[in-house]
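Q: Dropping the sequence and predicted coords here.
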Amino acid sequence: MIVELRKFKARHGGQAAWFNYPDLELEQGQCVVLMGKTGCGKTTLLNALFQYSFPGEVDYEKAEILGVDWRDRGKNSYGLVSYMPQYAQSGLNPSLTVGEQIDLVRRCCFHPVENPYAYFEELGLKKDITERYPFEISGGMKQRVALLLGFIKKPALFVLDEPSSALDYITLIKTVNFLKRRKEESCAILMVSHHSGFAAGIADKVKVLREG
Amino acid sequence: MNILLEAVGLNKKFNGNTTVLNNVCLKIRRGGIAALIGESGGGKTTLCRVFTGLEKASSGKVLFKGKELGTLRGRSFDDCASLQYIFQDPYAALEEESTVSSVLQEPVNMCSRRGRDYMPPQEALTWAGLAGAAFLGRKIKTLSGGQRQRVSLARSLITRPDLIIADECTAMLDAQAAAEIGRIFKKLNQKLGLSFLIVTHDAQFLYQVVDYIYVLHEGAIVEAGPKDRVLNIPSAGYTREYMESMWEIEGGGLIEQDHLCQPQ
């Protein structure tokens, strides 16, 4: 089991109300999508589980990530879990070209993919963007570059928060197919999305969160 | 004057050789809601930035109410006030530590100094669907993405503009929040006669909110026409490909199908 949650709840520091989450099981090669209205706690769950220092509290009966209890998670998970947060496209390094950022991430990984540029075609990216800086490419391209950076380490679990927000329909289909192929390669995907069509293309299970 | 904004042969190249806009010609009608659609990297945002003066075209003209506009520094206050821009990212567009009141007061002060009529902040918030004085005291950092986007909309209404350009303003919102923004745009169009140019990838927006569609592909307008014609009988090969992709995604999803009509 890649992720298993039972009676998991979380709250931000200084807030009285808890977000109570449904039980969740995510296996290798599967995709679980979390959906729900703005403010229902989708991103909070991802932050509570994967943020290095979550500014709040959690409580649970069982919370295991890659077979390890949530409290014992730490740097060991770095090589196995990738997390693409919301607005990741704004998080690219503005002073490095796309190619330099890809090479930097490769050098930081234990077992990186051999040729990350091979994914360019799948994602509908042109090779010449490797020489461009983030401000020289569109929001949708930046979002796909951020997605690619997350896969360079060949994660066992990829956590994605709204990965389709800046994508048009033609690019969405390419992204759906890209994620399906990664699932076939045994990567587990935990994703937050408000786009039902996009979610339906990838999800094995959909969990709809309600407020509280 | 029926035409509010006009692009005449706009070209834009980055680094001297990458063509982003290629002889773009379009006309935004007063009182209309036009959409600009197309693939990522096709030049949609660059075109909006040229319209708003944030980017300089390599050649071609932007006419607003019949008058040629330059870049932002060369524009009069009235031109800037009449043509407002809502950014894609509501988290980057507003200062986190500011209150809603101070965000809305800034354009009020600018209009007062220059003797331009303005909409009171309370009224602008009501139009944007955030009624109640309590909102004025809220800090931006306490608001959700949908609420922030509505504050951005309220800010753009203060100067009583003629045209609002909204660049993928619902991309980061859930379906309900996006639908609410669409309803507000429609109401502002019908009640105040406000015109819109909307960059969107949202099928519900295309079907329910807009009345005219421009399709941009690799920097060029490949198709333009009334919504029903472009959505149902697209003539350009690229538009057909775009519509087929839209149906592959939305048709397989959980979207409420009765909100959409199938292409003929």
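A: Looks like it arrived, so ask away.

Q: Regarding the chain, what is its longest helix?
A: Defaulting to chain A. The longest helix of chain A (DSSP state H) is helix A:169-184.

Q: that answer is for a different chain, and I need it for chain B
A: Under DSSP H, chain B gives helix B:175-192 as its longest helix.

Q: Just the buried positions in it, please.
A: Within helix B:175-192, the residues that count as buried by 16 or more other CB atoms under 10 Å in any protein chain shown are B:175, B:177-182, B:184-186, B:188-189. All C-beta spots, glycine's among them, are computed from the backbone N, C-alpha and C.

Q: tell me which of those is nearest to A:C187?
A: Of all the buried residues of helix B:175-192, A:C187 sits closest to B:A175, with 27.0 Å by CB to CB.

Q: Excluding chain neighbours, give the residue nearest to that closest one in space.
A: Nearest residue to B:A175, sequence neighbours excluded (CB to CB, 6 or more residues apart in numbering or on different chains): A:H194, at 5.9 Å.

Q: Over to A:L123?
A: Once flanking residues are discounted, A:L123 sits nearest to A:R144: 4.6 Å by CB to CB, 6+ apart.

Q: mind listing what the one you found touches?
A: A:123-125, A:167, A:171, A:175, B:40 (CB atoms under 8 Å, 6 or more residues apart in numbering or on different chains).

Q: In space, not sequence, find me the middle residue of chain B.
A: For chain B, the residue sitting closest to the mean C-alpha position, by CA atoms, centre = their mean, is B:A166 at 1.8 Å.

Q: pretty sure that residue belongs to a strand, no?
A: Yes: judged by DSSP: H, G, I helix; E, B strand; the rest coil, B:A166 forms part of a strand.

Q: So what's the residue count around residue 4?
A: The chain I'm using is chain A. Counted by other CB atoms under 10 Å in any protein chain shown, the residues lying close to A:E4 total 17.

Q: think we crossed wires, I meant chain B
A: 22.

Q: Quick check: it touching B:L194?
A: No: if you go by CB atoms under 8 Å, B:L4 and B:L194 don't touch, sitting 10.4 Å apart.

Q: between those two, what contacts are shared?
A: With contacts defined as CB under 8 Å, 6+ apart, the residues shared by B:L4 and B:L194 are B:162-163.

Q: just to revisit the earlier point, tell me the predicted confidence for the residue nearest to B:A175.
A: Per-residue pLDDT puts A:H194 at 83.

Q: Now do the contacts for B:A128.
A: Per CB under 8 Å, 6+ apart, neighbours of B:A128: B:150-151, B:153-154, B:157, B:184.

Q: B:R116 reaches B:F77, doesn't it?
A: Yes: with contact defined as CB under 8 Å, B:R116 reaches B:F77; the gap is 7.2 Å.

Q: Check whether the longest helix of chain A comes into contact with chain B.
A: Yes: residues of helix A:169-184 contacting chain B under CB under 8 Å from any CB of the partner chain: A:169-173, A:176.
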